[in-house]
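Participant: here's a sequence, model it:
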Amino acid sequence: MTWNDEPVANGLRTDHPWPNLPFVDDGHIPIEDPEAVEGLGRRAGGDMWGRCDDDETTGEWAAYTTDPKNHDFAWVLRFHPEHGLSVLLYRDDAGSGAHDEWFGDRALMTRLGGYWWDGTTWYRPRQVLNWATESYMRRPVQRPTVITAADLLDDSCRPERGTVSKIVQFTPGPPVPPQQWRHDLARWAQRRADRDVLALEQCVVTLNAPELAEAGLLGVEEFAAEAGIAASTLRAYIARDEADLPAPQVSDGGRKRWSRPVVTDWLEQRRRDPQKAAAVLAGDDVAAEDAAGLMSPALRRLWTRLTDMLLRELWEKPAVRRRWARPFRNETAAKDLAEQLGWVAAVNADAAIPVADLVWMIQQGVLWELQRFRGTMPVGGAISLTRQAGHSLSWFIEQAPKRASALFGAIVRDAGRTLDIPAEVVEKSLRKSLMLDGGMSEQRVDEFFAVTFPPHK
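Facilitator: Numbering: from 1, shown residues only. Here you go, the predicted model:
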């Protein structure tokens with residue numbers, strides 16, 4: 001979610017008000033019924049939408065709908081059976097994205113630039129991706145203090161001075177000043193008095209923690225220093241919405257500040273960017289600014305090898321060097337030279353492909369799938385392999401057809417000895433995989449297997 005995708009107002013019946021946001025009357029939204037919320041957004045009309053999702057195991061649900069009276073906005077609701085309901089108003093183009101954030105971590109609320117709460121624990125903004133789980137790392141906040149509505153209300157808060165906006169006339173503005181917002185909060189609390197809702201001591205507004213202390217927050221200059229980049233570069237990232245920068249924890253006018261752990265997590269994810277892997281392997285071989293640093297080491301070695309080969313081909317052979325003379329500068333000569341260079345490149349391409357090792361990897365992968373999916377095989381039929389297996393087999397056969405006989409032989413041998421799968425079943429399975437997912441025609445498979453697959457008798 002980008003910085004501009006934060007909510008613009010609280011629903012008047014929310015259990016967990018977002019600090020310094022105005023309250024908007026949500027009486028026309030059926031907040032107790034997620035399916036009704038979805039249905040509200042799916043009424044006839046092309047500029048509205050709604051959706052609801054639930055977790056049957058926990059009783060949690062999330063829903064959103066375009067506001068039926070003002071289509072510029074959308075309501076986003078998140079419910080927890082123990083911790084109540086969050087009702088927030090977003091700009092309509094941000095509503096679906098805010099709804100989608102509920103999936104996975106089941107966050108009941110977010111605050112302070114992405115700090116989030118699941119009803120039990122406060123976590124830092126989700127930044128560091130774990131490829132093993134395909135989810136973001138959960139980094140708990142150290143020693144958090146939950147601030148509730150009861151903590152903020154006292155005798156200085158006057159509900160008669162509080163304001164509640166109507167959705168039809170609502171226009172988002174700057175954050176509500178703190179003292180005025182406490183009057184608004186008092187009016188919100190007064191409206192809850194005659195409803196069966198959470199006690200004010202259970203209505204979470206925000207959090208505090210040592211890492212969020214004012215003195216410890218980092219401005220643009222400090223953030224840039226931690227990242228080892230110029231402050232002007234960081235400001236350019238902010239202006240252009242680049243580099244997946246985390247949202248600031250505090251933004252006073254034009255001054256943005258982040259907590260140090262959030263900056264540290266951003267630096268960790270930046271180091272773990274897949275594009276940085278090639279640079280790590282390259283080490284000191286190339287300068288960081290060198291375009292070659294974006295290449296994989298294998299591609300760089302192939303590039304160097306081809307450069308040396310082509311230099312010898314074009315310059316060190318006197319017969320070829322004569323082609324640089326003016327009489328040879330014509331289309332026919334250029335085509336002959338292009339064919340020669342293409343041949344040199346093609347015969348050297350294998351330098352970057354460890355064919356012998358790939359044979360073993362593909363063999364083990366196919367055997368594993370034969371074992372895993374053998375239960376799906378009809379009697380006397382073929383075992384269905386994955387699409388990736390078919391792609392890999394087809395690619396390898398195209399790259400190294402001379403090694404196909406040894407590969408097929410090893411698969412048949414190990415499948416028979418260790419898995420008790422007959423050669424006939426292995427052949428049917430491989431044929432099916434190559435035709436369905438490998439892009440090979442039945443005739444081509446027949447012809448290829450006739451010369452490469454081990455005979456059954």
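Participant: so who does the closest residue to residue 149 other than its chain neighbours touch?
Facilitator: Nearest residue to residue 149 in three dimensions, chain neighbours excluded: residue 203, at 4.1 Å (CB to CB, 6 or more residues apart in numbering). No exception for glycine: its C-beta is placed from N, CA and C like everyone else's. Going by CB atoms under 8 Å, 6 or more residues apart in numbering, residue 203 touches 15, 16, 17, 84, 148, 149, 150.
Participant: and if you look at residue 106?
Facilitator: Contact analysis of residue 106 by CB under 8 Å, 6+ apart lists 55, 58, 60, 118.
Participant: dump those to a markdown table, plus neighbour count.
Facilitator: As requested, the contacts of residue 106 are exported to a markdown table (neighbours: other CB atoms under 10 Å):
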| residue | neighbour count |
| --- | --- |
| 55 | 13 |
| 58 | 12 |
| 60 | 20 |
| 118 | 16 |
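Participant: pLDDT below threshold where in the stretch 301-450 of the chain?
Facilitator: In the prediction, the stretch 301-450 of the chain carries residues with pLDDT under 70 at positions 320-331, 334, 346-352, 377-380.
Participant: on that earlier part again, which ones among the contacts of residue 106 lie within strands?
Facilitator: 55, 60 (DSSP state E).
Participant: can you add pLDDT and distance to residue 209 and give the contacts of residue 106 back as CSV?
Facilitator: Below are those laid out as CSV (pLDDT from 0 to 100; distance: CB to CB, whole Å):
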residue, pLDDT, distance to residue 209
55, 91, 28
58, 90, 26
60, 93, 25
118, 91, 16
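Participant: among the contacts of residue 106, which one lies nearest to residue 401?
Facilitator: Set against residue 401, the nearest of the contacts of residue 106 by CB to CB is residue 55 (51.3 Å).
Participant: tell me how far that closest one lies from residue 76.
Facilitator: From residue 55 across to residue 76, the span is 17 Å (CB to CB, to the nearest Å).
Participant: quick one: contacts for residue 214?
Facilitator: Per CB under 8 Å, 6+ apart, neighbours of residue 214: residue 250.
Participant: and of the contacts of residue 106, the nearest to residue 444?
Facilitator: residue 55 (49.1 Å).
Participant: in the sheet, who's paired with the closest one?
Facilitator: Counting by DSSP bridges, residue 55 forms beta bridges with residue 60.
Participant: of the contacts of residue 106, which pair is most distant in space?
Facilitator: Applying CB to CB across these, the maximum distance is between 55 and 118, 11.9 Å.
Participant: tell me what the helix or strand harbouring residue 310 is packed against?
Facilitator: Secondary structure from DSSP states H and E places residue 310 in helix 297-311. The contact analysis (3 or more CB pairs under 8 Å, 6 or more residues apart in numbering; DSSP states H and E) places helix 297-311 against helix 276-282, helix 331-348.
Participant: convert that helix to CSV, retaining C-alpha atoms only.
Facilitator: The C-alpha coordinates for helix 297-311 follow below in CSV (Å, rounded to 0.1, in the frame of the first residue of the first chain):
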residue,chain,number,x,y,z
PRO,A,297,28.4,-14.4,-13.2
ALA,A,298,27.7,-17.1,-15.7
LEU,A,299,26.5,-14.6,-18.3
ARG,A,300,29.6,-12.5,-17.6
ARG,A,301,31.9,-15.4,-18.2
LEU,A,302,30.1,-16.3,-21.4
TRP,A,303,30.4,-12.6,-22.5
THR,A,304,34.1,-12.7,-21.8
ARG,A,305,34.5,-16.0,-23.6
LEU,A,306,32.6,-14.8,-26.7
THR,A,307,34.6,-11.5,-26.7
ASP,A,308,37.8,-13.5,-26.9
MET,A,309,36.6,-15.9,-29.5
LEU,A,310,35.1,-13.3,-31.7
LEU,A,311,38.3,-11.1,-31.5
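Participant: just the angle between it and helix 331-348, please?
Facilitator: Interaxial angle, helix 297-311 versus helix 331-348 (axes from the mean of the first three to the mean of the last three CA atoms, to 10 degrees): 140 degrees.
Participant: mind checking pLDDT for the closest residue to residue 11 other than its chain neighbours?
Facilitator: Among residues not flanking residue 11 along the chain, residue 87 sits closest, at 3.0 Å (CB to CB, 6+ apart). For residue 87, the model assigns a pLDDT of 97.
Participant: I'd guessed residue 87 sits against residue 79; true?
Facilitator: No: applying CB atoms under 8 Å, one finds residue 87 not in contact with residue 79, separated by 9.5 Å.
Participant: between these two, which one's more packed in?
Facilitator: Under the neighbour definition other CB atoms under 10 Å, residue 87 and residue 79 were set side by side, and residue 87 has more, 24 against 21.
Participant: stretch 33-44: how far from the chain's middle?
Facilitator: Here stretch 33-44 is found 29 Å from its chain centre; the criterion is CA atoms, centre = their mean, to the nearest Å.
Participant: average pLDDT across that stretch?
Facilitator: Averaged across stretch 33-44, the pLDDT comes to 90.
Participant: dump the residue contacts of residue 67.
Facilitator: By CB under 8 Å, 6+ apart, the contact list for residue 67 reads 29, 73, 74, 75, 89, 92, 167.
Participant: need the max-distance pair from the residues you listed.
Facilitator: Maximum pairwise distance in these, criterion CB to CB, is 14.1 Å, between 29 and 92.
Participant: the more surrounded of the two?
Facilitator: Set side by side, residue 29 and residue 92 show more neighbours around residue 29, with 24 against 20, by other CB under 10 Å.
Participant: pLDDT score for residue 279?
Facilitator: 57.
Participant: which residues of the stretch 301-450 of the chain fall in strands?
Facilitator: Assigned by DSSP state E, counting those that start in this stretch, the stretch 301-450 of the chain shows no strands.
Participant: using PDB, write out the CA atom coordinates for stretch 187-202.
Facilitator: Extracted in PDB, the C-alpha atoms of stretch 187-202 (Å, rounded to 0.1, in the frame of the first residue of the first chain):
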ATOM      1  CA  ARG A 187     -18.700  12.600  21.000                       C
ATOM      2  CA  TRP A 188     -17.900   9.200  19.500                       C
ATOM      3  CA  ALA A 189     -17.900   7.700  23.000                       C
ATOM      4  CA  GLN A 190     -21.200   9.400  23.900                       C
ATOM      5  CA  ARG A 191     -22.800   7.900  20.800                       C
ATOM      6  CA  ARG A 192     -21.700   4.400  22.000                       C
ATOM      7  CA  ALA A 193     -23.200   4.700  25.400                       C
ATOM      8  CA  ASP A 194     -26.600   3.200  24.400                       C
ATOM      9  CA  ARG A 195     -25.100   0.400  22.300                       C
ATOM     10  CA  ASP A 196     -23.900  -3.100  23.300                       C
ATOM     11  CA  VAL A 197     -20.200  -2.500  22.300                       C
ATOM     12  CA  LEU A 198     -16.700  -2.900  23.700                       C
ATOM     13  CA  ALA A 199     -15.800  -1.000  26.800                       C
ATOM     14  CA  LEU A 200     -13.700   2.100  26.100                       C
ATOM     15  CA  GLU A 201     -10.800   0.300  27.800                       C
ATOM     16  CA  GLN A 202     -10.900  -2.200  25.000                       C
END
